[in-house]
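Participant: just need the structure, nothing else, for what follows:
(2 chains)
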Amino acid sequence: MASLVVAEHDNIELKRATLHAVTAASQFEGEVHILVAGADSAAVAAAAAQVAGVTKVLHADDPAYGHGLAENLAPLIVGLAEGYDHLLACATTFGKNTMPRVAALLDVAQISEISAIVSADTFVRPTYAGNAMATVKSNDARKVITVRATAFDAAAEEGGSAAVEAIDGPGDQGLSRFERHELSVSERPELTSADIVVSGGRGMQSGENFSLVEAVADRLGAAVGASRAAVDAGYVPNDYQVGQTGKVVAPNLYVAVGISGAIQHLAGMKDSKVIVAINKDEEAPIFQIADYGLVADLFKALPELAEELDKQNISKN
Amino acid sequence: MKVLVGIKRTIDANVKVRVKADESGVETANVKMTINPFCEIAVEEAVRMKEAGIAEEVVVVTAGPEEARQTLMTALAIGADRAVHVVAEQDIQPLAVAKVLKAVIEQESPGLVILGKQAIDDDSNQTGQMLAALLGWPQATFASKITLGEGEAEVTREIDGGLETLTVKLPAVVTTDLRLNEPRYASLPNIMKAKKKPIDAKTVEEWGVDAAPRIEVLNVKSPGKREAGVIVENVAELVDKLQNEAKVL
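Facilitator: A predicted model of the protein is given here:
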């Protein structure tokens, strides 16, 4: 039987997270279909139809689905579930919010944030902030799964030519309504898909000082992240948080600045290819996992780093 | 309004978790256990609602072994009024916990239910959403602000792109994120007072809930270990290594 991937989007663009879930879905036997539930979201359905490996796009277009409210999406997905063995979404805040509601309505367990697929019913998933990798077998007839994006490559955006089928859903359940967004606007790449991430921690001491991190990040074309401590202190918004309960990233290069390296932070970045730590405390646990450590005062090291990148003609701007 | 808070006993966040030699799970013997941090935030929020005169009573519920009574005592010391202990000695997974909470909620009829967004042991992040589904209630997950109104609540949620604000009809299930509040330290008098507060203990079977696990844990392994690398002397050496050795610049 087939797999259904629930698309994440903003009614304009298909979010990259969806492409990772498609790759996971394609490891199962059978076709991969995508559900695009949105409002005035034809462009998203068209984009989903182009994704390599996808054979059908189900498109439910209704104002009730415009803001991804779980109360409205879950009955729609449940109504489609009969045709699928596996129902997947990426383990983003969207997927984490929506899929357990689907699972409970189907009376099945959800397998959260899988990092590998062993077989159609057996998966590997990180627990205890990634300190214990559990291999779990679901005994439910239908599997509801969220996928850790960093563990599965993104499917190609082009190459598919799936048919788009318009479907109706149960619509507005009258339980919740969207009020407003306050989205971070940034010219920088998105944190979870960036090639390079530069993150600051408590050692930054203030939000203003993050300009030092940004100066380096912008020279590298990098995204900016943060530890929980920096977010809790109000230096940067919540969506910067990398860690067990924030975002999980695995870039080619992760630069941790003024971050001591609590296990909760390591959980979100230790799969990065190369890790650099800059910290004035040589005992900081971050050095135990860093490929390159620089014991230095960040207020001196960051401007020097920016200058060195310019000098070596590495800067991208 | 009555506020019900579901809580979980977990390994303390500061404990370095070790996988058992037989790969059957993680070592929990002689390991410090505590209230899951997100659950503590949930209790704090409910108690603040009571202190603000919005909530009349705060009831905390846990499903877990005999020792979970300690976790209920922690919540009672923060300021919850009474506790329900659904005693379950076996592994109790999120769907089963949601079913247990549903049974308790049907008896208690709270106007609002607050849970932590995830437990830091299994990192599932499911129970609140599942509970809302089973009750047919709205859900507001990952909350950083809750404002109660007439028959509804406005909740600001921490999402990947920033913040989102929803209005949900009450009763509803809200799950907490880190920035919702900073839990207090329970004072000694309140810890003493907690000991006199009622805890209603009944087994999961007595609640009539099928708590059989749906997911079988085949094995639990340590992740591949990352070795420490080298300490560089200065920024120039760092950039040189990144460019010529690691080749990531």
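
Participant: CA only for contacts and neighbour counts going forward, please
Facilitator: OK.

Participant: where does the chain have low pLDDT?
Facilitator: Reading this off chain A. Low-confidence segments of chain A, defined by pLDDT under 70: A:317.

Participant: let me see the mean pLDDT of the host helix or strand of B:Leu115.
Facilitator: When elements are assigned from DSSP states H and E, B:Leu115 belongs to strand B:112-116. Taken as a whole, strand B:112-116 has an average pLDDT of 98.

Participant: other SSEs contacting it?
Facilitator: In terms of contacts (3 or more C-alpha pairs under 8 Å, 6 or more residues apart in numbering or on different chains; DSSP states H and E), strand B:112-116 is packed against strand B:2-7, helix B:37-51, strand B:172-176.

Participant: which one, of the ones you listed, ends up nearest to chain A?
Facilitator: For chain A, the closest of the helices and strands packed on strand B:112-116 is strand B:172-176, at 8.9 Å, according to C-alpha to the nearest C-alpha.

Participant: residues making contact with the following helix or strand past the closest one?
Facilitator: Later in the chain than strand B:172-176, the nearest helix or strand by DSSP H and E is helix B:188-194. Contact with helix B:188-194 is made by B:73-74, B:76-79, as judged by C-alpha atoms under 8 Å, 6 or more residues apart in numbering or on different chains.

Participant: would you mark the buried spots in helix B:188-194?
Facilitator: Buried residues in helix B:188-194, counting neighbours by 16 or more other C-alpha atoms under 10 Å in any protein chain shown, are found at B:191, B:194.

Participant: now that helix: average pLDDT?
Facilitator: Mean predicted lDDT for helix B:188-194 stands at 97.

Participant: and what of stretch B:160-171?
Facilitator: Per-residue scores along stretch B:160-171 average to 97.

Participant: ok, it near chain A or not?
Facilitator: Yes - interface with chain A: stretch B:160-171 contributes B:160-169 (C-alpha under 8 Å from any C-alpha of the partner chain).

Participant: ok, back up a step: so in that sheet, which strands flank the strand holding B:Leu115, and in what orientation?
Facilitator: strand B:2-7 (parallel), strand B:172-176 (parallel) (DSSP bridges).

Participant: just the ones in helices from the contacts of helix B:188-194, please.
Facilitator: B:73-74, B:76-78 (DSSP state H).

Participant: what's the neighbour count on residue 215?
Facilitator: No chain was given, so I picked chain A. 16 (other C-alpha atoms under 10 Å in any protein chain shown).

Participant: chain B was what I was after
Facilitator: With neighbours defined by other C-alpha under 10 Å, the count for B:Ile215 comes to 18.

Participant: wait, what's in contact with the residue lying closest to it once chain neighbours are set aside?
Facilitator: Among residues not flanking B:Ile215 along the chain, A:Ser138 sits closest, at 4.6 Å (C-alpha to C-alpha, 6 or more residues apart in numbering or on different chains). The contact partners of A:Ser138, by C-alpha under 8 Å, 6+ apart, come to A:109, A:111, A:121-122, B:214-216.

Participant: possible to save these as JSON lines with secondary structure and distance to B:Met33?
Facilitator: Compiled in JSON lines, those are given as follows (DSSP: H, G, I helix; E, B strand; the rest coil; distance: C-alpha to C-alpha, whole Å):
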{"residue": "A:Ala109", "secondary structure": "coil", "distance to B:Met33": "26"}
{"residue": "A:Ile111", "secondary structure": "strand", "distance to B:Met33": "25"}
{"residue": "A:Asp121", "secondary structure": "coil", "distance to B:Met33": "32"}
{"residue": "A:Thr122", "secondary structure": "strand", "distance to B:Met33": "29"}
{"residue": "B:Arg214", "secondary structure": "coil", "distance to B:Met33": "25"}
{"residue": "B:Ile215", "secondary structure": "strand", "distance to B:Met33": "24"}
{"residue": "B:Glu216", "secondary structure": "strand", "distance to B:Met33": "24"}
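
Participant: could you tell me which of these count as buried?
Facilitator: Judged by 16+ other C-alpha under 10 Å, buried ones among those: A:109, A:111, A:121-122, B:214-215.

Participant: closest to A:Ala25 among those residues?
Facilitator: Lowest distance from A:Ala25 to the buried ones among the contacts of A:Ser138 (C-alpha to C-alpha) belongs to A:Asp121, with 12.4 Å.

Participant: surely the closest one touches A:Asn139?
Facilitator: Yes - look at A:Asp121 against A:Asn139 with C-alpha atoms under 8 Å: they come within range, at 7.4 Å.

Participant: now B:Gly149: how far from B:Pro138?
Facilitator: In this view, B:Gly149 and B:Pro138 are 15 Å apart by C-alpha to C-alpha, to the nearest Å.

Participant: between those two, which one's more packed in?
Facilitator: Between B:Gly149 and B:Pro138, counting by other C-alpha under 10 Å, B:Pro138 is the more crowded of the two (27 against 13).

Participant: mind listing the strands for the stretch 51-200 of chain A?
Facilitator: Along the stretch 51-200 of chain A, the segments classed as strands by DSSP state E, counting those that start in this stretch run A:54-61, A:84-90, A:110-114, A:116-119, A:122-127, A:132-138, A:143-147, A:163-166, A:176-183, A:196-200.

Participant: who does the first one pair up with?
Facilitator: It stands for strand A:54-61. By DSSP bridges, strand A:54-61 pairs with strand A:32-38 (parallel), strand A:163-166 (parallel).

Participant: right, and those strands - which one's nearest B:Thr28?
Facilitator: For B:Thr28, the closest of the strands paired with strand A:54-61 is strand A:32-38, at 40.7 Å, according to C-alpha to C-alpha.

Participant: list the buried residues for that closest one?
Facilitator: Of all the residues in strand A:32-38, those buried under the rule 16+ other C-alpha under 10 Å are A:32-38.

Participant: stretch A:192-206 too?
Facilitator: Quick answer for stretch A:192-206 (16+ other C-alpha under 10 Å): A:192-204.

Participant: again with stretch B:133-149
Facilitator: B:133-146, B:148.

Participant: then stretch A:115-134?
Facilitator: For stretch A:115-134, the neighbour count (16+ other C-alpha under 10 Å) marks A:115-117, A:121-134 as buried.

Participant: and that stretch, anywhere near chain B?
Facilitator: Yes - Stretch A:115-134 comes into contact with chain B (C-alpha under 8 Å from any C-alpha), by way of A:126-134.

Participant: CA atoms only: put that stretch into CSV for me.
Facilitator: C-alpha atoms of stretch A:115-134 as CSV (Å, rounded to 0.1, in the frame of the first residue of the first chain):
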residue,chain,number,x,y,z
SER,A,115,16.1,8.9,12.4
ALA,A,116,16.2,5.7,10.5
ILE,A,117,13.8,3.1,9.0
VAL,A,118,14.7,-0.5,9.7
SER,A,119,11.6,-2.0,8.1
ALA,A,120,7.9,-1.2,7.4
ASP,A,121,7.1,-1.4,11.2
THR,A,122,10.5,-0.9,12.8
PHE,A,123,12.3,2.4,13.3
VAL,A,124,15.2,4.1,15.1
ARG,A,125,14.4,7.2,17.1
PRO,A,126,16.5,9.3,19.5
THR,A,127,15.4,9.5,23.1
TYR,A,128,16.9,11.2,26.2
ALA,A,129,18.2,14.1,24.1
GLY,A,130,19.8,11.8,21.7
ASN,A,131,21.8,9.9,24.4
ALA,A,132,19.9,6.7,23.8
MET,A,133,18.9,5.5,20.3
ALA,A,134,15.8,3.3,20.6
